[in-house]
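Enquirer: I would like to see how this sequence folds:
(2 chains)
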Amino acid sequence: MMAQDAGMFTVHQTIGSVLCCKCGIRMQPNAANMCVKCLRSEVDITEGLLKRLVLVHCPECESYLQPPRTWVKLQLESKELLTFCLKKLQKNMNINKVKLVNAEFIWTEPHSKRVKVKVSVQKEVYNGAILEQSYLIEYVQQDHMCESCSRVAANPDQWVAAVQLRQHVSHRRTFFYLEQLILRHGAAARAVRIKQMDHGIDFYFSNRSHGNKFVEFIGKVAPVKSRSDKQLVSHDSKSNNYNYKYTFSVEISPICHEDLICLPPKAAAILGNIGPIVICTKVTNSIALLDPLTLKFGFLDAEQYWRTSFKSLLTSRQLVEYIVLDIEAVSSEITVGGMKYVLADAQVARVSDFGKNDTQFSIRTHLGHLLKPGDLALGYDLYGANSNDMELDRYKGYIPEVVLIKKSYEEKRQKRRGKPRSWKLKSLNMEVDDKIKVNEDKNDAEYENFLKDLEENPELRFNISLYQNKDYQPSEVASVTEDDGQPIPSVPDDELLAADLLAAEFDDLDLIEDGDGEDDMAE
Amino acid sequence: MATRLQFENSCEIGAFSKLTNAYCLTAIGGSENFYSAFEAELADVIPVVKTSIGGTRLVGFLSVGNKNGLLLPHTTTDQELQHLRNSLPDQVVVQRIEEKLSALGNCIACNDHVALAHTDLDKETEELLADVLGVEVFRQTVAGNVLSGSYCALSNRGGLVHPHTSIEDLDELSTLLQVPLVAGTVNRGSEAIAAGMVVNDWTAFCGSDTTATELSVIDNVFMLRGDTRPGDGFDGMRKSLLDSYK
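Expert: The predicted structure is shown next:
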């Protein structure tokens, strides 16, 4: 080649033919100087290679054992199974210095318990000649139940880790919301059992790490305090194996969305001395508090809250309806923590007083952007409330008589009562303890309130999956629009997802992308 | 007809013996089998001499010769030289030469008329070859290998070369050497021809691994079957076709 590059003339070389030294047929000379057939008959490169191997298979979960202890789920005649089978041959091939060239499955009956693989290998023989040969390997499938299946079969209810989620409040709103969050993120996918308890829910897992992961997930979505414990179940003294049952006790803070709180001085100091009366606007893994008189806000994360743990003064059960008589904006629109507020002075009267007496209240409210004279609003009645709070008694400064929280859509909802919504929610598969007395009506009312909350608050919907309700007829809703042009808060269609095909309870179809909640509710 | 034999369990008999039309040299082995095999064939016709060269048994690799003379490397001792001069016929000139490439048998292949030499051979050696052996010397490679002596076995009637030799090379060599040439193998596919066999005008000896096919090729090209025409009737081929396993 070099000579040719240099421009020299080289004679073209034709390879002659020689006779194969064994059988005498004419052939091109090769490194062994034997024709391929003679070479094959001389040398068997598959000598010393494994031809029969054992695969341990669990019939319950269709998985194969990868020594020493892992079980991996594989399909018959799949690429992964081929890789798995070939890995067992690797060491043997390396010792014999053969190279794997090609492998494929030969079909066998699924119940024959045999997997056949045809493998082509290459090896160097004599001096430099590379010979390729293919042969058949038979894998015998032995049935042996894997550890997890045998444990499940022995005792289906057995759990190793339990997470006890508790919140000491009188309503279950947080748990409804958490249930939807858990469903959306699939955090309880590994739970063996879920049980509904008084003031909380218990989750049971078969593995400590699953329980731990769940606790961490909850820690990210709610302000919690947790502790863990373990209990010895059995002990193998020969191999020093200890089996424990682990319990995680998780307590969620009792402060909820829309609660009225009187801050103790220590907490107020952390937050920059915002007025002692604050509203809780948002609860994630930190608590957002808003002072309605000054529109100042503060955040408390879980640790800070539990250091100065305080309870709410009034909860949303104690909301009272007010009618707005007059409202006058005091400040311009201020965006606080992502929400717009307008500070306003308002004249309000309790609906229960309206028409009966002249009791009116002049208050300052942060809902100036929402309310117009004649609107109904929900708020806390501090004037008439009989609160049993030490902080409130201690506080010497000004306490507002009324704190408005939100606009009320109660009247408009009356017209829609009984009609189904256009969306549905999934629920977790929870066991309910028979021993606890369940108040059905109270539960239903609370759930209904929760659904209303979802309709009103797009930010609440952010982390939740809503599904289309197939039973819903849109034509009915068209008639239910507000007279004065204000639409009732409802969930826009593009926020609705179709349910997974696996969910048997729902008949929904095509998948719609879940966009961010648009601010489609009433201004 | 070619004979199969072994030297102390090795099939490379071309290393341990040298066969010409006028004499035969063999190495000194532990048993007499090797020597006896040559003696049985050749004793009536030519002298068969047991020797060592430079204290080694590699007689075939180290020496080169034909019916006119014998050339030995500089490592040959005086006793060996004297022994050879005494044992061989007078018309055979025994000469020790100073040559850097001392494995003369690997570097030079020759018959009574013409020789193929290693391309890097000294000029004096070439002249000595022409003088002592009475041959015309051609510096050539065989199948790209410079060791022409080890990849080519020559007699006055034919020659066997390395199996990978191309057709053009075969033609060229054949023209130079004026004998028919064939590319083939010996000792079950081994490419070192001259290491595996020795040949003269009427007989040849091969390593015992040589297959029947190879033997028939050798018989054909060196015309050993007792008649001058190759590819005769079945009678002529009988000996080479029917293997005898000792």
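Enquirer: If you count contacts, what does the helix or strand where A:Ser362 lies end up packed against?
Expert: Taking DSSP states H and E as the definition, one finds A:Ser362 inside strand A:361-365. If you count contacts as 3 or more Cβ pairs under 8 Å, 6 or more residues apart in numbering or on different chains; DSSP states H and E, strand A:361-365 packs onto strand A:344-350, strand A:402-407. Backbone N, C-alpha and C define where each C-beta goes, glycine included.
Enquirer: Show me how far it is from its chain's centre.
Expert: Relative to the mean C-alpha coordinate of its chain, strand A:361-365 is positioned 43 Å out (Cα atoms, centre = their mean, to the nearest Å).
Enquirer: Return the next helix or strand after it as CSV; C-alpha atoms alone will do.
Expert: Using DSSP H and E, the next helix or strand after strand A:361-365 towards the C-terminus is strand A:376-381. Extracted in CSV, the C-alpha atoms of strand A:376-381 (Å, rounded to 0.1, in the frame of the first residue of the first chain):
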residue,chain,number,x,y,z
LEU,A,376,-73.0,38.8,51.1
ALA,A,377,-69.8,37.9,52.8
LEU,A,378,-68.7,35.4,55.4
GLY,A,379,-66.7,36.5,58.4
TYR,A,380,-65.9,36.0,62.0
ASP,A,381,-68.0,37.7,64.6
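Enquirer: Neighbouring strands of strand A:376-381 in the sheet, and parallel or not?
Expert: Strand A:376-381 sits in its sheet next to strand A:320-329 (antiparallel), strand A:402-407 (antiparallel), going by DSSP bridges.
Enquirer: Whatever helix or strand comes next after the longest one - what's its average pLDDT?
Expert: Proceeding N to C from strand A:320-329, the next assigned helix or strand is strand A:334-336, under DSSP H and E. Taken as a whole, strand A:334-336 carries a mean pLDDT of 76.
Enquirer: Please report how far A:Asp229 lies from chain B.
Expert: 78 Å (Cβ to the nearest Cβ, to the nearest Å).
Enquirer: What of A:Ile327?
Expert: Taking Cβ to the nearest Cβ, one finds A:Ile327 at 106 Å from chain B.
Enquirer: Could you pull up the residues touching the spatially most central residue of chain B?
Expert: For chain B, B:Val198 is the residue whose C-alpha lies nearest the centre (Cα atoms, centre = their mean; 3.9 Å). Shown in contact with B:Val198 (Cβ atoms under 8 Å, 6 or more residues apart in numbering or on different chains): B:13-14, B:17-19, B:60, B:153, B:204-205.
Enquirer: what about it, which SS state?
Expert: With DSSP: H, G, I helix; E, B strand; the rest coil as the basis, B:Val198 sits in strand.
Enquirer: One more: the one 3 residues further on?
Expert: Recorded secondary structure, B:Asp201: coil (three-state DSSP).
Enquirer: Number of residues surrounding it?
Expert: 17 (other Cβ atoms under 10 Å in any protein chain shown).
Enquirer: That one and B:Leu154 touch, don't they?
Expert: No: contact status for B:Asp201 versus B:Leu154: not in contact, 10.8 Å apart, counting by Cβ atoms under 8 Å.
Enquirer: Which residues are in contact with each of those two?
Expert: With Cβ under 8 Å, 6+ apart, B:Asp201 and B:Leu154 have no common neighbours.
Enquirer: re the thing from before, excluding its backbone neighbours, what's nearest the residue nearest to the centre of chain B?
Expert: B:Leu19 (3.9 Å; Cβ to Cβ, 6 or more residues apart in numbering or on different chains).
Enquirer: Any idea what the one you found is bridged to?
Expert: B:Cys24.
Enquirer: Tell me the pLDDT of it.
Expert: So, for B:Leu19, pLDDT stands at 95.
Enquirer: Count the neighbours of A:Lys79 for me.
Expert: 10.
Enquirer: Next, count neighbours for residue 40.
Expert: Just so you know, I chose chain A. 15.
Enquirer: switch to chain B, that's the one I care about
Expert: 11.
Enquirer: What is the end-to-end distance of stretch A:370-377?
Expert: For stretch A:370-377, the separation between the terminal residues is 10 Å (Cα to Cα, to the nearest Å).
Enquirer: again, but for stretch B:115-122
Expert: 15 Å.
Enquirer: in it, what's buried?
Expert: B:115-118, B:121 (16 or more other Cβ atoms under 10 Å in any protein chain shown).
Enquirer: Contacts (any at all) between chain B and the longest strand anywhere in chain A?
Expert: Scanning chain A for the strand with the most residues, using DSSP state E, yields strand A:129-143. No: judged by Cβ under 8 Å from any Cβ of the partner chain, strand A:129-143 stays clear of chain B, getting no closer than 9.4 Å.
Enquirer: elements contacting that strand?
Expert: Using 3+ Cβ pairs under 8 Å, 6+ apart: strand A:129-143 touches helix A:36-42, strand A:52-58, helix A:79-96, strand A:99-106, strand A:114-125.
Enquirer: Now do the buried residues in that strand.
Expert: So for strand A:129-143, counting by 16+ other Cβ under 10 Å, buried means A:129, A:131, A:133, A:137, A:139, A:141.
Enquirer: where does chain A come near chain B, residue by residue?
Expert: Going by Cβ under 8 Å from any Cβ, the residues of chain A near chain B are A:11-16, A:18-24, A:29, A:32-34, A:126.
Enquirer: rerun that using 7 Å as the cut-off
Expert: A:11, A:13-16, A:18-24, A:29, A:32-34 (Cβ under 7 Å from any Cβ of the partner chain).
Enquirer: Now intersect these with the strands, please.
Expert: Going by DSSP E, the strands hold A:18-19 from these.
Enquirer: hmm, back to that, so which of the helices and strands packed on strand A:129-143 comes closest to A:Asp381?
Expert: Proximity to A:Asp381 (Cβ to Cβ) singles out strand A:52-58 among the helices and strands packed on strand A:129-143, at 64.4 Å.
Enquirer: what pLDDT, on average, does the closest one get?
Expert: Rounded mean pLDDT across strand A:52-58 is 89.
Enquirer: quick revisit: run a quick check on the residue nearest to B:Val198 versus B:Asn200, I expect a contact.
Expert: Yes: with contacts counted by Cβ atoms under 7 Å, B:Leu19 reaches B:Asn200, the gap being 5.1 Å.
Enquirer: so for stretch A:61-77, what's the average pLDDT?
Expert: Stretch A:61-77 comes out at a mean pLDDT of 85.
Enquirer: And stretch B:178-187, by the same measure?
Expert: 93.
Enquirer: still on that earlier bit, could you dump the helices and strands packed on strand A:129-143 to JSON lines with distance to B:Tyr23?
Expert: Shown next, in JSON lines, are the helices and strands packed on strand A:129-143 (distance: least, Cβ to Cβ, whole Å):
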{"stretch": "helix A:36-42", "distance to B:Tyr23": "38"}
{"stretch": "strand A:52-58", "distance to B:Tyr23": "62"}
{"stretch": "helix A:79-96", "distance to B:Tyr23": "50"}
{"stretch": "strand A:99-106", "distance to B:Tyr23": "52"}
{"stretch": "strand A:114-125", "distance to B:Tyr23": "40"}
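Enquirer: Which secondary structure element of chain A has the lowest mean pLDDT?
Expert: helix A:474-479 (a mean of 47; mean pLDDT, DSSP states H and E).
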